[in-house]
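A.B. asks: based on what follows, work out the 3D shape:
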Amino acid sequence: MRLTITLPNHLAEQLQRKAEEEKLTAEEVAINLLEEALEELWWPTPEEVVAKIKATPPDPTAIRPAEGSLADHLRQRTYDPDFEIEESRVEAIEAEMKVMTCANDDG
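C.D. replies: Numbering: from 1, shown residues only. Model prediction:
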């Protein structure tokens, strides 16, 4: 589709400067800007995402053969004290979340 737009001088100058910076034509910069702006306005529905996934053929390069037993790996996992959270801290966080949920339900 061919479209002609008359830009105010200040926008035309900004567009030209950006085109020179990016070593593109003003038209290419304008198209890129429009694509970015319009792309943000459209979000697919969950149904559209599922349909796209179902329509996508499997990619054999994305499949790797197993390199061992998951159970063995999990059994051999080393303990990381920095990762573990004290039970009392977990309980405090859960209590705080419950208070916030109740406040949200009431308000």
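A.B. asks: surely Gln16 touches Thr25?
C.D. replies: No. Using C-beta atoms under 8 Å, Gln16 is not in contact with Thr25, being 9.7 Å away. C-beta coordinates here come from the backbone N, C-alpha and C atoms, glycine included.
A.B. asks: what's the single longest helix in this protein?
C.D. replies: helix 87-106 (DSSP state H).
A.B. asks: report the buried residues of that one.
C.D. replies: Of the residues in helix 87-106, none count as buried by neighbour count, 16 or more other C-beta atoms under 10 Å.
A.B. asks: and the helices in the chain?
C.D. replies: Counting by DSSP H, the helices of the chain are 9-22, 26-39, 46-55, 70-75, 87-106.
A.B. asks: mean confidence for stretch 94-103?
C.D. replies: Averaged across stretch 94-103, pLDDT comes to 90.
A.B. asks: could I have that stretch exported to PDB, CA atoms only?
C.D. replies: Presented in PDB, the C-alpha positions along stretch 94-103 are these (Å, rounded to 0.1, in the frame of the first residue of the first chain):
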ATOM      1  CA  GLU A  94       2.200 -16.500  53.800                       C
ATOM      2  CA  ALA A  95       0.500 -14.700  56.700                       C
ATOM      3  CA  GLU A  96       1.300 -11.300  55.100                       C
ATOM      4  CA  MET A  97      -0.100 -12.500  51.800                       C
ATOM      5  CA  LYS A  98      -3.300 -13.700  53.500                       C
ATOM      6  CA  VAL A  99      -3.800 -10.300  55.200                       C
ATOM      7  CA  MET A 100      -3.300  -8.600  51.800                       C
ATOM      8  CA  THR A 101      -5.800 -11.000  50.100                       C
ATOM      9  CA  CYS A 102      -8.400 -10.400  52.800                       C
ATOM     10  CA  ALA A 103      -7.900  -6.600  52.500                       C
END
